[in-house]
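Engineer: Let's see this in three dimensions:
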Amino acid sequence: MDSAGQDINLNSPNKGLLSDSMTDVPVDTAVAAQAPAVEGLTDAEAEELRAELAKVEEEVVTLRQVLAAKERHCGELKRRLGLSTLEGLKQNLSRGWHDVQVSNAYVKTSEKLGEWNEKVTQSDLYKKTQETLSQAGQKTSAALSTMGSAISRKLGDMRNSATFKSFEDRVGTIKSKVVSGTESGSDSLPSPTGSGDRPLPEHTPF
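Structural biologist: Residues are numbered from 1 along each chain as shown. This next block holds a predicted model:
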């Protein structure tokens, strides 16, 4: 086979195996630089789309420049008004959170969570768990009430017992003695030395 008729398809497994005679073939750089037309489009349509793409890219660059200028002007106005960076951050966060709440993703997520919550609360497992917890709470309340009644009854029995009454009488007697001694004055109280009104003996000098 003639070397000029060899397969030069880039997807061919024989790519890179061209003969030496093919290396000297001149290549049109203008044709190589031009992107191949998309399948289903004519050359005129592809050229029109490329021109529109270039125009849109140029508009994007212009809008970015305008936005940067507006941001600088906005910062200058805030500086002259004395607005701090923290205040601007709060406003940005508030605006961002509002944008999140009105976004389609947030709304869909909220609706999905609402549906899941409704399914969970309506499920048999959730109802059984809720009934079990309710019954356990009622049993706990009843047990605490019974315990409180038993303790109150036990204390009442203790107050009515002979031992408690005897102890209570003794406490009352001691209390009455202390009160009567306080009312009669300090003279009736026993001397701390235990000798009554007798003066302390004088010390014999050595």
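
Engineer: In the chain, spot the helix with the most residues.
Structural biologist: helix 43-81 (DSSP state H).

Engineer: Number of residues surrounding Trp116?
Structural biologist: 10 (other CB atoms under 10 Å). All C-beta spots, glycine's among them, are computed from the backbone N, C-alpha and C.

Engineer: and if you look at the one 5 residues further on?
Structural biologist: When neighbours are counted by other CB under 10 Å, Thr121 registers 10.

Engineer: What helix or strand is it located in?
Structural biologist: helix 104-122 (DSSP states H and E).

Engineer: contacts for that helix?
Structural biologist: Helix 104-122 is contacted from outside by 100, 126, using CB atoms under 8 Å, 6 or more residues apart in numbering.

Engineer: right, and the helix or strand after it?
Structural biologist: Taking DSSP H and E, what comes next after helix 104-122 is helix 124-160.

Engineer: Packing partners of that next one?
Structural biologist: Packed against helix 124-160 by the contact rule (3 or more CB pairs under 8 Å, 6 or more residues apart in numbering; DSSP states H and E) you find no helix or strand.

Engineer: sec struct for Leu41, please.
Structural biologist: coil (DSSP: H, G, I helix; E, B strand; the rest coil).

Engineer: Could you tell me what pLDDT the model assigned to the residue lying closest to it once chain neighbours are set aside?
Structural biologist: Distance criterion CB to CB, 6 or more residues apart in numbering; nearest residue to Leu41, sequence neighbours excluded, is Leu49 at 7.4 Å. Listed pLDDT for Leu49 reads 94.

Engineer: Kindly report the same for Val100.
Structural biologist: On the pLDDT scale, Val100 gets 86.

Engineer: element containing it?
Structural biologist: helix 85-102.

Engineer: what's the angle between that helix and helix 43-81?
Structural biologist: Using axes from the mean of the first three to the mean of the last three CA atoms, to 10 degrees, the direction of helix 85-102 lies 140 degrees away from that of helix 43-81.

Engineer: low-confidence ranges in the chain?
Structural biologist: Applying pLDDT under 70 to the chain flags residues 1-38, 182-206.

Engineer: rerun at 80
Structural biologist: Within the chain, the segments meeting pLDDT under 80 span 1-39, 83-89, 91-92, 159-162, 164-165, 168, 175-177, 179-206.

Engineer: just to revisit the earlier point, same for the helix holding Val100, what does it pack against?
Structural biologist: Using 3+ CB pairs under 8 Å, 6+ apart, helix 85-102 is in contact with no helix or strand.

Engineer: cutoff 10 Å now
Structural biologist: helix 43-81, helix 104-122 (3 or more CB pairs under 10 Å, 6 or more residues apart in numbering; DSSP states H and E).
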